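Participant: here is a sequence with its predicted model. Questions after.
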Amino acid sequence: MGRSPCCEKAHTNKGAWTKEEDERLVAYIKLHGEGCWRSLPKAAGLLRCGKSCRLRWINYLRPDLKRGNITDEEDELIIKLHSLLGNKWSLIAARLPGRTDNEIKNYWNTHIRRKLVSRGIDPATHRPLHERHAAIKTVPFAVGEEEDKNQSSGEEPEKEEEEKEKKKTKKWRCPDLNLDLCISPPFQKAFEEDEISTVKEGLALSLCFSCRLGVKSSSECKYCGGGFLGQRTGVLDYRSLETNY
DNA sequence: AATGGATACAACCGCTATTGG
DNA sequence: CCCAATAGCGGTTGTATCCAT
């Protein structure tokens, strides 16, 4: 048994929104504010699904939307953010005031992807296309494993015994390697109190990794002490997203 | 002028995450 | 803790428009 539908599908309109529907939705939200999308259509006198209303408002009717073409600066910023965040369109959109995730997703699929391909860059990995199928050389963890493979056939019986013993006491190349992977910000030097002002100056051009990703508020960060993407300076500076690893 | 393919983008669908009873 | 309702996200589809033939 699945979940009940979010709305009565039999009595809802689909497809393109009419001017009248837009006006009703805008008028209702101006009066009552956003939220409670499920009950909104009925209250606003719209024969639409709440989900559809929400999407229409967010992607098209919101007054703070920046209409018009994506600028070259925005274009480059989208590429940069995508290389860091992947297809997290809502996160990317959050860094582009007035742009929606849907708009950016569409723009990516129609313009940027093709542009990157024409530049010989794989849009998925942001690496040169010819690197895509590059052979990955694996290194055996156990010392002598390669040699074992090479000389596995036609051995004398006493040597075989010797090999068995060797295998029992096989030395591992990386004995301390822990494959319990976890995610954490990369290592950063712990600064002394008197170093912090110097560090902050340096960070006028860049932010710490946590603040770059928006994981931590840069205004609360003792190293960044300002805003993400130049909020501190009032200038949108996507160059601060440059990673240094 | 008619037609068919390419393109752009609005809207939908299905899924997961979050919230509240 | 459980479960249903809701919000939000990302992938996909539908359709209007453009352009070449």
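Facilitator: On my side now, so go ahead. Residues are numbered from 1 along each chain as shown, chains lettered A, B, ... in the order given.
Participant: use CA for all of it now, contacts and neighbours both
Facilitator: Will do.
Participant: could you list every residue that touches the residue in chain A that DNA strand B sits nearest to?
Facilitator: The minimum distance from chain A to DNA strand B, using Cα to the nearest atom of the strand, falls at residue A:14 (3.3 Å). Residues in contact with residue A:14 (Cα atoms under 8 Å, 6 or more residues apart in numbering) are residue A:48.
Participant: gap between it and DNA strand C?
Facilitator: 9 Å (Cα to the nearest atom of the strand, to the nearest Å).
Participant: what parts of chain A come near DNA strand C?
Facilitator: A:3-4, A:6, A:15, A:35-39, A:50-51, A:87-91, A:101-102, A:105-106 (Cα under 7 Å from any atom of the strand).
Participant: buried stuff in stretch A:52-62?
Facilitator: Across stretch A:52-62, burial judged by 16 or more other Cα atoms under 10 Å covers A:52, A:53, A:54, A:56, A:57, A:58, A:59, A:60, A:61.
Participant: filter the residues you listed down to just the ones in helices.
Facilitator: Among the buried residues of stretch A:52-62, the ones falling in helices (DSSP state H) are A:52, A:53, A:54, A:56.
Participant: could you dump these to JSON lines with pLDDT?
Facilitator: JSON lines is the format used below for those (pLDDT from 0 to 100):
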{"residue": "A:52", "pLDDT": "87"}
{"residue": "A:53", "pLDDT": "88"}
{"residue": "A:54", "pLDDT": "86"}
{"residue": "A:56", "pLDDT": "88"}
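Participant: quick one, phi psi at the residue of chain A closest to DNA strand B?
Facilitator: phi -130, psi 170 (degrees, to the nearest 10).
Participant: what about stretch A:109-123 and DNA strand B, touching?
Facilitator: Yes - Stretch A:109-123 comes into contact with DNA strand B (Cα under 7 Å from any atom of the strand), by way of A:110, A:111.
Participant: pull the CA atoms of that stretch into PDB?
Facilitator: Output in PDB follows, covering the C-alpha atoms of stretch A:109-123 (Å, rounded to 0.1, in the frame of the first residue of the first chain):
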ATOM      1  CA  ASN A 109      21.800  20.600 -19.600                       C
ATOM      2  CA  THR A 110      21.300  22.800 -22.600                       C
ATOM      3  CA  HIS A 111      24.300  25.200 -22.600                       C
ATOM      4  CA  ILE A 112      27.100  24.400 -20.300                       C
ATOM      5  CA  ARG A 113      27.300  20.700 -20.800                       C
ATOM      6  CA  ARG A 114      27.700  21.200 -24.500                       C
ATOM      7  CA  LYS A 115      30.200  24.000 -24.000                       C
ATOM      8  CA  LEU A 116      32.400  21.800 -21.800                       C
ATOM      9  CA  VAL A 117      32.300  18.900 -24.200                       C
ATOM     10  CA  SER A 118      33.300  21.200 -27.100                       C
ATOM     11  CA  ARG A 119      36.200  22.400 -24.900                       C
ATOM     12  CA  GLY A 120      37.200  18.700 -24.400                       C
ATOM     13  CA  ILE A 121      36.100  18.600 -20.800                       C
ATOM     14  CA  ASP A 122      33.900  15.900 -19.300                       C
ATOM     15  CA  PRO A 123      30.900  17.700 -17.800                       C
END
